[in-house]
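Chemist: quick one, fold the following:
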Amino acid sequence: MHRLIFILMLTLSATAPVSAQVQGQVIKVLSYNIHHAENMKGEVDIQGIANIILATNPDLVALQEVDSSTNRVKKANQLKQLAEATGMYIYFGKAMEHDGGGFGNGVLSRYPIEKSYSIALPAKGTGSEPRNAAVITVKLPGDSLLQFASTHLDHLEDPTDRLAQSALLNQHFSANQLPVIIAGDFNALPPSKEIASVKNIFLDATEKLGPTWPSDKPTQKLDYVFLANKLQWHVINAFVVEETIASDHRPVICELLLK
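Modeler: I've put the predicted structure just below:
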């Protein structure tokens with residue numbers, strides 16, 4: 001892990017934009033399905049997730065599959081643990097009760113959180129699970145506001161629920177006057193109808209990226225960062241972090257310019 005952090009720091013320093021060359025607010029976003037911090041060795045290791053956040057130094061983090069006080073993580077509050085490790089503000093959006101605790105999406109922010117809420121997403125398919133989006137409004141330097149959301153769409157092969165979920169997210173954010181970033185595990189491939197639906201409203205900051213799952217030998221791109229109010233954004237940089245152990249997904253990083 002120490003070698004990984006060193007490599008990440010070199011990569012980020014090599015690709016970081018020169019702030020003097022851009023006008024606007026540069027925002028770095030990390031999206032990561034953390035699999036309740038169970039790594040590819042079958043061990044629950046929340047510090048492994050914290051190390052990725054510390055090494056990549058994002059401003060906003062969207063996490064999926066976060067546990068809160070479940071038995072399988074020994075009643076740990078995983079988001080609080082990450083807050084303590086990173087010094088970031090947090091919000092947990094519980095999607096369902098699970099194993100004696102809660103399970104859902106989390107966000108971390110370097111910016112103060114002005115407002116937070118969760119959007120329940122439709123889940124009617126046989127074998128489906130409750131899904132949601134955890135949404136925060138943050139105050140950026142200069143006192144402008146930004147909405148940021150972490151979401152995790154349905155996992156079933158049948159896309160019916162994902163289509164309904166993406167439609168609800170589109171409807172919710174389409175009339176928003178604030179700039180919006182929504183990131184997460186959409187459980188859908190780039191050519192799918194679900195992703196096409198989201199791109200009717202959002203700009204795909206990860207459009208040029210490759211697969212993110214499974215983390216050891218990824219073959220499918222499931223993780224995305226989308227931007228609403230498209231004309232307000234410029235994508236400076238985006239990449240998949242070559243992390244193969246900490247979770248079954250690889251993290252996605254985007255450096256964005258809010259004009």
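Chemist: direction included, what does the host helix or strand of N132 pair up with?
Modeler: Under DSSP states H and E, the secondary-structure element containing N132 is strand 131-139. Partner strands and pairing direction for strand 131-139 (DSSP bridges) are strand 113-121 (antiparallel), strand 145-152 (antiparallel).
Chemist: count of neighbours near A149?
Modeler: 27 (other Cβ atoms under 10 Å). (Each C-beta comes from the backbone N, C-alpha and C, glycine too.)
Chemist: so what's it scoring on pLDDT?
Modeler: According to the per-residue confidence, A149 scores 98 in pLDDT.
Chemist: now it: how far from N57?
Modeler: Distance of A149 to N57, computed by Cβ to Cβ, to the nearest Å: 21 Å.
Chemist: what's the answer for D158, then?
Modeler: Remark: distance between D158 and N57 (Cβ to Cβ) = 39 Å.
Chemist: which residues sit against stretch 30-37?
Modeler: Outside stretch 30-37, the residues within contact range by Cβ atoms under 8 Å, 6 or more residues apart in numbering are 44-46, 48-49, 52-53, 56, 58, 60-67, 70, 72-73, 78, 103, 150, 152, 183-185, 213, 222-225, 246-249, 251-254.
Chemist: could you redo the last one with a cut-off of 7 Å?
Modeler: Outside stretch 30-37, the residues within contact range by Cβ atoms under 7 Å, 6 or more residues apart in numbering are 44-46, 48-49, 52-53, 56, 58, 61-67, 72-73, 78, 183-185, 223, 225, 247-249, 251-253.
Chemist: by how many degrees do the helix or strand harbouring E65 and strand 145-152 diverge?
Modeler: Assigning secondary structure by DSSP H and E places E65 in strand 60-68. Here strand 60-68 runs at 40 degrees with respect to strand 145-152, directions being taken by axes from the mean of the first three to the mean of the last three Cα atoms, to 10 degrees.
Chemist: can you pull out the helices in the stretch 1-150 of the chain?
Modeler: Listed in chain order, the helices found in the stretch 1-150 of the chain under DSSP state H, counting those that start in this stretch are 2-15, 46-56, 78-86.
Chemist: these two touch, right, A62 and V135?
Modeler: No: applying Cβ atoms under 7 Å as the test, A62 and V135 come out as separate, 10.5 Å apart.
Chemist: in this structure T70 contacts E97, no?
Modeler: No: look at T70 against E97 with Cβ under 7 Å: they stay out of range, at 9.3 Å.
Chemist: more neighbours, the two?
Modeler: Comparing T70 with E97 by neighbour count (other Cβ under 10 Å), the higher total belongs to T70, at 20 against 11.
Chemist: which residues touch the more buried one?
Modeler: Applying Cβ under 7 Å, 6+ apart, we find T70 in contact with 98-101, 103.
Chemist: quick one on the thing from earlier: list the buried ones in the strand holding N132?
Modeler: Neighbour counts using 16 or more other Cβ atoms under 10 Å place 131-138 of strand 131-139 among the buried residues.
Chemist: cheers, nothing more for now.
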